[in-house]
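S.K.: Turn this into a model:
(chains A and B)
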Amino acid sequence: MTWMTIKRMFVSGAKNFMRGGAVSAATVLIMTVTLAIIASLIFLSALLTFTLNTIKEKVDVSVYFVTTASESEILSVKEQVEKLPQVADVAYTSAADTLEAFRTRKADDQLTLQALEEVGGNPFGASLAVRAKDLSEYESIVNFLEASPTLSAGGASIVDHINYVKNKDVKETIDRLSLAIRATREIGFAVVILFAIASILIAFATVRLAIYTAKDEIAVMRLVGASNAYIQGPFIVTGIITGVISAALVLLLLWPATWYAGVKTADWFSGFSVASYYGSHFGTVFFILMLSGIILGAVASVLAIRRYLEI
Amino acid sequence: MIYFDKVTKRYGDTAAVEEITLSVAPKEFVSIVGHSGAGKTTLLKLLLAEERPTAGNVFFESIDVNDLPSSALHHYRRRIGMVFQDFRLIPNKTAYENIAFAMEAAGRTDDEIASDVPYILELVNLGDKAKHFPDQLSGGEKQRIAIGRAIINQPDLIVADEPTGNLDPINTYEVVEILKKINELGTTIIITTHNKGVVDAIGKRVVTIDRGRLVRDDADGKYIL
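M.R.: Okay, here's the model as predicted:
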């Protein structure tokens, strides 16, 4: 195929789009809706990932130590736990810090603060907050802590309690969360696939309808001696132009849409702002939507026109 | 130049064309006449390889049209100019672009297109309608554009299927005169018609088809049905 032929296909495709009037407008509209669905899936996926990460970060196993445990003993336990391959990080909170945090939290509760004064000293022990790399690994961390109790100089365990084991509700919550996250991932993936298939079918049907209106024109082109490639070319170009314009429209409409949605929903989504996400990931969203538009337009055109090129 | 060798075309049990043997020499002007449904259009479709015969062979010069693979059909069709009763212009292209499309499809250069298309538009008396779309043209003007498209690549043969079927007498006369002029310049022409006036105005060979069979072949242009 020569450069001249390619140039003619592009010029003809562009003219067909411009002269298509209502048919071109309808195709752009449907393709815009399709790409908007794909864009919403991008945001949904980002929100899901953000939520999962937030939940994961909030889950940990707290190891509370007896008040008599020395700091060096606790730091020794910390060192051992940190060496476990399934551990992401371990945060140490000293007894003094725990007392200070308690006082701050109860600043308005004079009765409790008074009771604390009467008890005297520091009734709180130090603690370690252990975060695993994966939710499923908490149980093995707890098993490790229970299997190797660290003893104080007096022969008693320095671990007062581990919240994961002692509080069954916490364990069950973590188990339920693990299940929920796995289910959300699987259902989310299935929904994404379903939406994608539905969107692609809608776009295909629309492009097919647009080409159907030109079936007599295609027959004439064949009879005047145009090759199949030369007939197909302008329709593919028109499909690509439709995809690019639709993607550009969606990218443009996403600015006010994400801004509005961001203002309204930032509180619901624990600080996740769709507008900020769009701003920081514009390049990725632009690439995905443009590529989707071009591929949808081109492939739909090729498939739609094939049946009219059969002899 | 063209030879139909015992050609039969059946659609189910119905024979549209039956055992037709017909030859057309270069530079001839042949009118194929017959009632509606006689098989005239089927004969042209077989020549254009739009349909394949059930039996027999169609030859165009040394080419057996039946043997042409689909991938070679567009090369074959570029050697034949076609004119239809319903004009079949591309609706979203201007008069100029409709004629130019046939040249583009044949791989002609932009310079050739720029020089030949205006010439052809003048030849069919539509130089001032170059930028008009088909729906802005009258029936006669559309048919003249269609003829322009058919002759632009200087084909060996022009096939016209009822070219005056949708035209008033004045436009019919103009179209017939243009076709006669093209034939005088050396292009073979085959037209189908059931218009006696057209056949008489052409005054050349007349082939009569009735119920799919060739019943008369008159060299002196008589229209007898």
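S.K.: Up against chain B, what does chain A have?
M.R.: Residues of chain A lying close to chain B by Cβ under 8 Å from any Cβ of the partner chain are A:2, A:4-5, A:8, A:15-16, A:19-20, A:216-217, A:219-228, A:230, A:311. Where C-beta positions appear, they are placed from N, C-alpha and C, glycine not excepted.
S.K.: buried subset of these?
M.R.: By neighbour count, with 16 or more other Cβ atoms under 10 Å in any protein chain shown, these hold A:5, A:8, A:15-16, A:20, A:217, A:220-228, A:230 as buried.
S.K.: right, and the pair among those with maximum separation?
M.R.: A:G20 and A:G225 (24.6 Å; Cβ to Cβ).
S.K.: so what's residue 99 up against?
M.R.: Using chain A. Residues near A:L99 by Cβ atoms under 8 Å, 6 or more residues apart in numbering or on different chains: A:N122, A:F124.
S.K.: let's do chain B instead
M.R.: Residues in contact with B:I99, defined by Cβ under 8 Å, 6+ apart, are B:V117, B:I120, B:L121, B:I145, B:G148, B:R149, B:I152.
S.K.: where does the fourth one sit relative to A:T54, distance-wise?
M.R.: What that stands for is B:I145. For B:I145, the distance to A:T54 (Cβ to Cβ, to the nearest Å) stands at 68 Å.
S.K.: Okay, now the unreliable bits of chain B?
M.R.: Within chain B, the stretches with pLDDT under 70 are B:222, B:224-225.
S.K.: Tell me the predicted confidence for the residue of the stretch 1-150 of chain A found nearest chain B.
M.R.: Proximity of the stretch 1-150 of chain A to chain B (Cβ to the nearest Cβ) peaks at A:R19, 4.4 Å away. Here the pLDDT value assigned to A:R19 is 87.
S.K.: Quick check, it in contact with B:N92.
M.R.: Yes - assessed by Cβ atoms under 8 Å, A:R19 is found in contact with B:N92 at 4.4 Å.
S.K.: Show me where chain B has its helices.
M.R.: Ranges of helices in chain B, per DSSP state H, are B:40-47, B:73-77, B:95-105, B:110-123, B:139-151, B:169-184, B:196-202.
S.K.: Tell me the residues on chain B that lie near chain A, please.
M.R.: So chain B meets chain A at B:48-50, B:70, B:73-75, B:77-78, B:82, B:88-93, B:101-102, B:104-107, B:109-110, B:149, B:153 (Cβ under 8 Å from any Cβ).
S.K.: if we go to 6 Å?
M.R.: B:S70, B:H74, B:R77, B:R78, B:M82, B:R88, B:I90, B:N92, B:A102, B:E104, B:A105, B:A106 (Cβ under 6 Å from any Cβ of the partner chain).
S.K.: Kindly write the ChimeraX command that selects the buried subset of those residues.
M.R.: Selection of buried members from the residues of chain B next to chain A for ChimeraX, criterion 16+ other Cβ under 10 Å:
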select /B:74,77,78,82,88,90,92,102,104,105,106
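S.K.: Listing request: residues of the stretch 51-200 of chain A with sub-threshold pLDDT.
M.R.: If you take pLDDT under 70 as the line, the stretch 51-200 of chain A has these spans: A:56, A:148-155, A:164-178, A:180-182, A:185, A:189, A:192, A:196.
S.K.: ok, which stretches of it are strands?
M.R.: A:61-65, A:87-93, A:127-132, A:159-162 (DSSP state E, counting those that start in this stretch).
S.K.: Point out the other helices and strands that the longest one packs with.
M.R.: In this case it means strand A:87-93. helix A:71-82, strand A:127-132 (3 or more Cβ pairs under 6 Å, 6 or more residues apart in numbering or on different chains; DSSP states H and E).
S.K.: Check these for me and report the most buried one.
M.R.: strand A:127-132 (a mean of 21; mean count of other Cβ atoms under 10 Å in any protein chain shown).
S.K.: Identify the residues contacting it?
M.R.: A:60-64, A:78, A:81, A:86, A:88-93, A:138, A:141 (Cβ atoms under 6 Å, 6 or more residues apart in numbering or on different chains).
S.K.: and A:L35, what does it touch?
M.R.: A:S246, A:A247, A:V250, A:L289, A:G293.
S.K.: run the last query once more with 7 Å
M.R.: A:S246, A:A247, A:V250, A:L289, A:S292, A:G293 (Cβ atoms under 7 Å, 6 or more residues apart in numbering or on different chains).
S.K.: That one is in what secondary structure piece?
M.R.: Assessed by DSSP states H and E, A:L35 sits inside helix A:22-58.
S.K.: Show me what counts as buried in that helix.
M.R.: Across helix A:22-58, burial judged by 16+ other Cβ under 10 Å covers A:23-24, A:27-28, A:30-32, A:34-36, A:38-43, A:46-47, A:50, A:52, A:56.
S.K.: again with stretch A:110-117
M.R.: For stretch A:110-117, burial by neighbour count (16+ other Cβ under 10 Å) applies to A:L116.
S.K.: and it, C-alpha only, in PDB?
M.R.: Taking only C-alpha atoms (Å, rounded to 0.1, in the frame of the first residue of the first chain), the coordinates of stretch A:110-117 have been written out as PDB:
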ATOM      1  CA  GLN A 110     -12.100  14.400  84.600                       C
ATOM      2  CA  LEU A 111     -13.500  11.400  86.500                       C
ATOM      3  CA  THR A 112     -11.200   8.900  84.700                       C
ATOM      4  CA  LEU A 113      -8.200  11.200  85.000                       C
ATOM      5  CA  GLN A 114      -8.900  11.600  88.800                       C
ATOM      6  CA  ALA A 115      -9.100   7.800  89.100                       C
ATOM      7  CA  LEU A 116      -5.800   7.500  87.300                       C
ATOM      8  CA  GLU A 117      -4.200   9.900  89.800                       C
END
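S.K.: In stretch B:68-81, which residues have enough neighbours to count as buried?
M.R.: For stretch B:68-81, burial by neighbour count (16+ other Cβ under 10 Å) applies to B:L68, B:L73, B:H74, B:R77, B:R78, B:R79, B:I80, B:G81.
S.K.: Farthest pair within these?
M.R.: Checking those with Cβ to Cβ, the most distant pair is B:L68 and B:G81, at 17.9 Å.
S.K.: Okay, and the residue nearest to A:A36 when sequence neighbours are not counted sits in which element?
M.R.: In space, and not counting its chain neighbours, A:A36 is closest to A:V250: 5.1 Å by Cβ to Cβ, 6 or more residues apart in numbering or on different chains. Counting by DSSP H and E, the element that carries A:V250 is helix A:228-265.
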